[in-house]
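Trainee: need a structure here:
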Amino acid sequence: MLSQIAASEDLVFFRPHQFLTREHDRPEALYDILEGWACRHRLLPDGRRQITALYLPGDLCDPMWSLAPTCHEPVIALTNVRATRKSLVDPSTIDRHKGFSSRLAESVERQSNWLVSLGRKTAVERLAHLLLELFERMRRAGLAYGQQCALPLTQTDIADATGLTAVHVNRTLQSMRSKGVLELHSKWLRIPDLGALRDLAALGPHDAL
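Mentor: Okay, the predicted model is just below:
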């Protein structure tokens, strides 16, 4: 871990595919993501992958580490990641961390939403929900520009987050693009009508993302 620390002892950098933590590791710190995207995932014995969480700028990776002695799933960088390191060795660090409780609650609520999406929603609804969620999270982080934001996920990443095949994701995204509800170009997402995408995601007017 010390080898990953850059100019400041609190600033860390990760390259794509580098582990922020491995399965069964005992985490010594949380990471406040400043730039870049990472994911938590679980591999089945045959190599199939399910992404169980995505970490974007403004996210804390991972609030749940403060409650468990070890990590049950690995976290890897999907892009170059820059983050600040929040020590778990000194519990007062977490007590002083601004908004820790609310970010923990957001993490739990997001997992509940993903569970509903995977268990009950159609392919179109799952994709619409995921893309809308990612856009809203980027917007809250001040990284959306008008109706668009960066989307560095591959179609395989999207498939592994939504429980679909990459082929199904490709076909469904093509259908959504042809209907004009979203645009994807050069790792950028544009949503012309947020209300229309919310409807497509089977989200009610008061459902949070």
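Trainee: Show me which residues of the top helix by length along the chain are buried.
Mentor: The residue-count maximum for a helix in the chain (DSSP state H) belongs to helix 100-120. Applying a neighbour-count criterion of 16 or more other CB atoms under 10 Å, one finds 100, 103-104, 106-107, 110, 113-114, 117 buried in helix 100-120. For glycine as for every other residue, the C-beta is placed from the backbone atoms N, C-alpha and C.
Trainee: Excluding its own residues, what touches that helix? List them.
Mentor: By CB atoms under 8 Å, 6 or more residues apart in numbering, the residues outside helix 100-120 that reach it are 52-53, 59-60, 62-64, 66, 94, 125-126, 129-130, 133, 162-163, 207-209.
Trainee: Bridging across strands, which residues link to residue 82?
Mentor: Beta-bridge partners for residue 82, by DSSP bridges, are residue 13, residue 35.
Trainee: In space, what's closest to residue 148 - neighbours in sequence excluded?
Mentor: residue 190 (4.0 Å; CB to CB, 6 or more residues apart in numbering).
Trainee: so who does that neighbour touch?
Mentor: 147-148, 182-184.
Trainee: Let's check: the centremost residue of this protein is which one?
Mentor: The residue lying closest to the centre of the chain (CA atoms, centre = their mean) is residue 54, at 1.7 Å.
Trainee: these two touch, right, that residue and residue 33?
Mentor: No: using CB atoms under 8 Å, residue 54 makes no contact with residue 33, being 10.4 Å away.
Trainee: Break this structure down into its domains, please.
Mentor: 2-100, 123-200 (automatic domain parsing).
Trainee: in the protein, which segments are predicted with low confidence?
Mentor: Applying pLDDT under 70 to the chain flags residues 1-9, 90-98.
Trainee: Tell me where it has strands.
Mentor: In the chain, strands defined by DSSP state E lie at 11-14, 19-21, 29-35, 38-43, 49-55, 60-61, 75-77, 81-87, 144-145, 148-150, 183-185, 188-190, listed in chain order.
Trainee: Pick the most buried one from these.
Mentor: Compared across the strands of the chain, strand 60-61 shows the largest average neighbour count, a mean of 24 (mean count of other CB atoms under 10 Å).
Trainee: Report all helices and strands that that strand contacts.
Mentor: Packing partners of strand 60-61 (3 or more CB pairs under 8 Å, 6 or more residues apart in numbering; DSSP states H and E): strand 29-35, helix 100-120.
Trainee: Arrange these in a markdown table, one row each, with distance to residue 167 as further columns.
Mentor: Output for these, formatted as a markdown table (distance: least, CB to CB, whole Å):
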| stretch | distance to residue 167 |
| --- | --- |
| strand 29-35 | 31 |
| helix 100-120 | 18 |
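Trainee: Verify the contact between residue 77 and residue 16 for me.
Mentor: Yes: look at residue 77 against residue 16 with CB under 8 Å: they come within range, at 5.5 Å.
Trainee: Could you measure from residue 181 over to residue 167?
Mentor: Distance from residue 181 to residue 167, counting by CB to CB, to the nearest Å: 20 Å.
Trainee: same deal with residue 56?
Mentor: Taken as CB to CB, the span from residue 56 to residue 167 is 26 Å.
Trainee: Who has more neighbours out of those two?
Mentor: Taking neighbours as other CB atoms under 10 Å, residue 56 and residue 167 compare with residue 56 leading, 22 against 10.
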